[in-house]
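> Give the three-dimensional model of this entry:
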Amino acid sequence: MPKPLRKAVMPVAGLGTRFLPATKTVAKELLPVVDRPLIQYAVDEARAAGIEQFCFVTGRGKTAIVEQFDLAFELEATLRERGKEKELAELQAQALPPGSVLTTRQQVPMGLGHAIWCARHFIGDEPFAILLPDDLMMCDVSCTKQLADAYLETGGNVVAIEEVPMERVSKYGVLDIAEDKGRLVSVKGLVEKPRPEVAPSNLTIIGRYVLMPEVIGHLAKHEKGAGGEIQLTDGMAKLIGSQPFHGLRYEGRRFDCGDKLGFLEAQLAFALQRPELAEGVRAFLPNYR
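Numbers count the residues shown, from 1 in each chain. As a prediction, this is how the structure comes out:
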């Protein structure tokens, strides 16, 4: 029986340079989609999968991310005095229980693999999820919950995957497939950002993972890969053969909110999901065609 999945790591140390000047003083993970910051969507997604403990891998200027999930006594008191019970309930619902949040610092941007290695003491000997907040998921069932369910079914490592046009595979970690079972894909190899002409498939990993703690031992070697960085994909590839490794075709839609167009599309898509906003959004959209 696989160990329970209780922990999630969220790398949030990036500078957000593609969103300057907005991210000069505001962490990109706190940029809102409609009225909730990106990091809130990721945490809520993980909580829906039964995740109980969170580690934010932060950098300079990112302390406000932790405060997003803390109690805000003065604000709550003001809302209570003004009778804003709905807003108060929403604020209280986002706070995480005492002792459930840990932060660790990635002082130098050395890649995603390095960021995960920085959380090694939090991970310990337990399986853990990774959520990249830039990937905003719209799913009827939490994407992390889908991965957690697949992990209980297969054991070992499970990553969320999707097909992309072959000309775009050089932006992703790509699966080398052993067996395609439809929803689940058995993996025999991983390649980080391959050129299209040598890519083993067009099945790519998105920013959702369930990994075994043994990956930390490989990341600890600090071997540099694509772009001269410590790549998580390279560490994961070394698990294949000694542990089960599967890709999951998740059900839902991903928005790349690390990209301006993806971020703008997410604003519209999530606004249209809100009954109180959908009619107004549909009314003004024709003005911009």
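
> which residue ranges form the helices in the protein?
Here the chain has its helices, by DSSP state H, at 38-48, 63-67, 73-81, 85-94, 112-118, 120-123, 143-154, 215-219, 232-237, 260-272, 275-284.

> could I get those as CSV with mean neighbour count and distance to Ala8?
C-beta: built from backbone N, CA, C; applies to glycine. CSV is the format used below for the helices of the chain (neighbours: other C-beta atoms under 10 Å; distance: least, C-beta to C-beta, whole Å):
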stretch, mean neighbour count, distance to Ala8
helix 38-48, 22, 5
helix 63-67, 15, 14
helix 73-81, 12, 26
helix 85-94, 12, 16
helix 112-118, 25, 11
helix 120-123, 16, 10
helix 143-154, 21, 7
helix 215-219, 20, 15
helix 232-237, 24, 15
helix 260-272, 16, 21
helix 275-284, 10, 29
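
> Same list, the ones you listed, but as TSV with distance to Phe54 and mean pLDDT please.
Listed next are the helices of the chain as TSV, based on distance: least, C-beta to C-beta, whole Å; pLDDT from 0 to 100:
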stretch	distance to Phe54	mean pLDDT
helix 38-48	7	96
helix 63-67	10	86
helix 73-81	21	87
helix 85-94	12	85
helix 112-118	14	94
helix 120-123	9	96
helix 143-154	12	96
helix 215-219	18	93
helix 232-237	18	91
helix 260-272	22	96
helix 275-284	29	93
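
> In JSON lines, list those along with distance to Gly207.
Output for these, formatted as JSON lines (distance: least, C-beta to C-beta, whole Å):
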{"stretch": "helix 38-48", "distance to Gly207": "9"}
{"stretch": "helix 63-67", "distance to Gly207": "16"}
{"stretch": "helix 73-81", "distance to Gly207": "31"}
{"stretch": "helix 85-94", "distance to Gly207": "21"}
{"stretch": "helix 112-118", "distance to Gly207": "9"}
{"stretch": "helix 120-123", "distance to Gly207": "17"}
{"stretch": "helix 143-154", "distance to Gly207": "9"}
{"stretch": "helix 215-219", "distance to Gly207": "16"}
{"stretch": "helix 232-237", "distance to Gly207": "10"}
{"stretch": "helix 260-272", "distance to Gly207": "12"}
{"stretch": "helix 275-284", "distance to Gly207": "26"}
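
> out of those, nearest to Gly247?
Gly247 lies closest, by C-beta to C-beta, to one member of those: helix 143-154, at 9.4 Å.

> could you say what helices and strands that closest one packs with?
Applying 3 or more C-beta pairs under 8 Å, 6 or more residues apart in numbering; DSSP states H and E, one finds that helix 143-154 contacts helix 38-48, strand 128-131, strand 157-163, strand 203-211, strand 245-249.
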